[in-house]
Structure formats: C-alpha cells, structure tokens
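Asks: No sequence on hand, only this structure:
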C-alpha cells in the first residue's frame, strides 16, 4: 500500500508492505526507483529524492521470507523479489494518480486511549529458581536463545515498557468534511497472532485496516510502531481468528477516536486539472521530512561462562 502526499513543491510517499522484513539495500533500491518514476511523471515541475519515500514492513510473521540475511527461514526467489520491487513502484505511481483526482485535504491527528491488546514479552524469571529446575528448562526444545541466560523468557511482563495506544492521521476533504481520502495509523505490537500457520496473512493488521476503512469509507495504511519486545496480549500464536479479533478491536478503537474533533491543518489548492501546483504560494501545511540511520551501540558481550 502507498500514501502519496504533496504540498507546494514537496512530495512525501509512505509505502507499507505486508512482509516481515526486507534488507536496507532492497528498501533503498525500491525508494530510489519509486522516486525516479515520480520525478519522470512530474517532468520539470519536481525532482523527488528517495529521502522523501519511506518504506516499511508491517512485520507480519506469516509472509514470504524476503530478507536474505535472516537464517533458517528459507528465501524468496529472485523472480519474486523482482516482482516485489516492480509492484512497489507501480503502487506508488497508482497512489499519485489517485491523489490527482482529490482536492484540498484537511489533516487531523488522533490518539486512542490505552488499549489492552499488547504486552512486553520479556518475562522476568524468578531469581529463586533452583539450578535443577533451570537445567531442566534449558534442555527443552522450545527454549529461546535469550532464555538460556536464565534471566528472561518469552512470556508476559505486564509492567514492562510498551506503547499502549494507537495513533492515526486522517486526510479528508476541506469542502466535504464527511469525505475521507485516507487514514494512516500506527500501533506498536508484533503481528504474531497467527502463530505457525502456513497461510500467508497480514495478521491483525488486515482486520484493523478493514475496520478503519469500513468506518471511514476510504483506504488506510498501517505503519508498525516500536514493537521490538511487544507481543499481542493473550493472542500470540492463537490463530487466524485471534488475529481478526485483535485487528477488529484495534480498528474499532481508532474509528472511535476519529469520531472526535481534533486540530486541523490544510494543504494548498490544486490546479484546475487536479494536479497539485508545485509552486503554489497559498498558505497551507508544509511537509517536512527527515530520515537518518541511527547506530545503537551493543551492550558488552557476555563471558563464555555466562553465555553457556
């Protein structure tokens, strides 16, 4: 899915893939090709840089394996990856064409109340666990790599860090406020309700988008938030129906938040043929973008004794 925004001479595109991950190199190439295709479409009016094209994955775990650096997951074929890259570019162009038929957009942001849908997954192991019990636990096949140190295990840490609410940005018509153009929303939680099912799925994200689109009668796009150590509450690995239930609850909460008024901001007018005027001097929202790769230092490595 893609969301195309333009204000004056600035273009921003959000692309969301229902995939677990892609490499940074693949993402950069997609962004470059999409920016090049958009620049060619606008001809001399605009030159669009790949820094204005943001590409993300929903991180659903029931999807093709499209990251060659991940071990033990299998690999998508070169043919599929070429198809995926072309699809990203064509979807961005389709979003641009769709934007041409729309007029001034009013922007509003909403945030839901805290939702009981997720939990931090780094459950602390009780310090009084005996050496014998720890040894038995270590021998179990289901023990994860981060559990071997004995301090945490994959479970529920209800008091652990997480972002409990969802955010949404809605774009709707200035002249007809009931007409929604699109909704961008975000929630910080791993899409892992489906578990080890082999059917490809966007997990809870699909049902959430469907609920938002049903309420707004317009397309939606989902961006995964800071979901590093956050799993669904009581629904992890519970199956496809559990994914639908969580997604519906999330989407309904967002739809309810959108029903309330919020601060508004306008984009500049469009030209008579529907294409937004890049040199328009009218007052309106200014789109600003920034992208930076942040290198986070690792903690000191454990000793061999600690690691084993």
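Replies: Good, I have the coordinates. Everything quoted here is computed from the prediction, not taken from an experiment.

Asks: Identify each buried residue in the host helix or strand of residue 92, please.
Replies: Secondary structure assigned from DSSP states H and E places residue 92 in helix 78-100. By neighbour count with 16 or more other C-beta atoms under 10 Å, helix 78-100 contains the buried residues 81, 84, 85, 88, 89, 91, 92, 93, 95, 96, 99. For glycine as for every other residue, the C-beta is placed from the backbone atoms N, C-alpha and C.

Asks: which neighbours does the helix or strand that that helix is followed by have in its sheet, and in what orientation?
Replies: The helix or strand immediately downstream of helix 78-100 is strand 105-111, counting by DSSP H and E. Neighbouring strands of strand 105-111 in its sheet, by DSSP bridges, are strand 167-173 (antiparallel), strand 265-266 (antiparallel).

Asks: Now strand 105-111: buried residues?
Replies: Within strand 105-111, the residues that count as buried by 16+ other C-beta under 10 Å are 105, 106, 107, 108, 110.

Asks: Can you tell me how far the second one is from residue 187?
Replies: The reference is to residue 106. Taking C-beta to C-beta, to the nearest Å as the criterion, residue 106 is separated from residue 187 by 23 Å.

Asks: And the third one, by the same measure?
Replies: When C-beta to C-beta is applied, the distance between residue 107 and residue 187 equals 20 Å.

Asks: Verify the stated contact: residue 123 with residue 158.
Replies: No. With contact defined as C-beta atoms under 8 Å, residue 123 does not reach residue 158; the gap is 9.1 Å.

Asks: Those two: who's more crowded?
Replies: Neighbour comparison, residue 123 and residue 158: the larger count goes to residue 123, with 16 against 9 (by other C-beta atoms under 10 Å).

Asks: isn't there a strand covering that one?
Replies: Yes. Assignment of residue 123 by DSSP: H, G, I helix; E, B strand; the rest coil places it within a strand.

Asks: Quick one: residues contacting it.
Replies: Residues in contact with residue 123 (C-beta atoms under 8 Å, 6 or more residues apart in numbering) are 152, 153, 154, 155, 156, 157.

Asks: switch the cut-off to 6 Å
Replies: 153, 155, 156, 157 (C-beta atoms under 6 Å, 6 or more residues apart in numbering).

Asks: could you give the angle of the helix or strand encompassing residue 223 to helix 78-100?
Replies: According to DSSP H and E, residue 223 maps onto strand 220-224. Following axes from the mean of the first three to the mean of the last three C-alpha atoms, to 10 degrees, one obtains 130 degrees for the angle between strand 220-224 and helix 78-100.

Asks: what are the pairing partners of the helix or strand just after strand 220-224, and which direction each?
Replies: Scanning forward in sequence from strand 220-224, with DSSP H and E defining helices and strands, the next element found is strand 230-232. Using DSSP bridges, the neighbouring strands of strand 230-232 in the sheet come out as strand 118-124 (antiparallel).

Asks: Tell me the buried residues in stretch 5-15?
Replies: Judged by neighbour count (16+ other C-beta under 10 Å), stretch 5-15 contains these buried residues: 5, 6, 7, 8, 10, 11, 12, 13, 14, 15.

Asks: Distance from the chain centre to it, please.
Replies: Mean-position distance between stretch 5-15 and its chain equals 18 Å (C-alpha atoms, centre = their mean, to the nearest Å).

Asks: For that stretch, measure first residue to last.
Replies: End-to-end distance for stretch 5-15, by C-alpha to C-alpha, to the nearest Å: 12 Å.

Asks: Just the mean pLDDT for it, thanks.
Replies: Regarding stretch 5-15, the rounded mean pLDDT is 88.

Asks: Just name the shakiest helix or strand of this protein by mean pLDDT.
Replies: Ranked by mean pLDDT, DSSP states H and E, the weakest helix or strand in the chain is strand 265-266, scoring a mean of 49.

Asks: Now, the buried residues of stretch 5-15 that are in strands?
Replies: If you go by DSSP state E, those have 5, 6, 7, 10, 11, 12, 13, 14, 15 in strands.

Asks: Excluding chain neighbours, give the residue nearest to the residue nearest to the spatial centre of the chain in space.
Replies: Taking C-alpha atoms, centre = their mean as the criterion, residue 223 is the residue nearest the geometric centre of the chain, at 2.2 Å. Excluding the flanking residues, the one nearest residue 223 by C-beta to C-beta, 6 or more residues apart in numbering is residue 186, at 4.5 Å.
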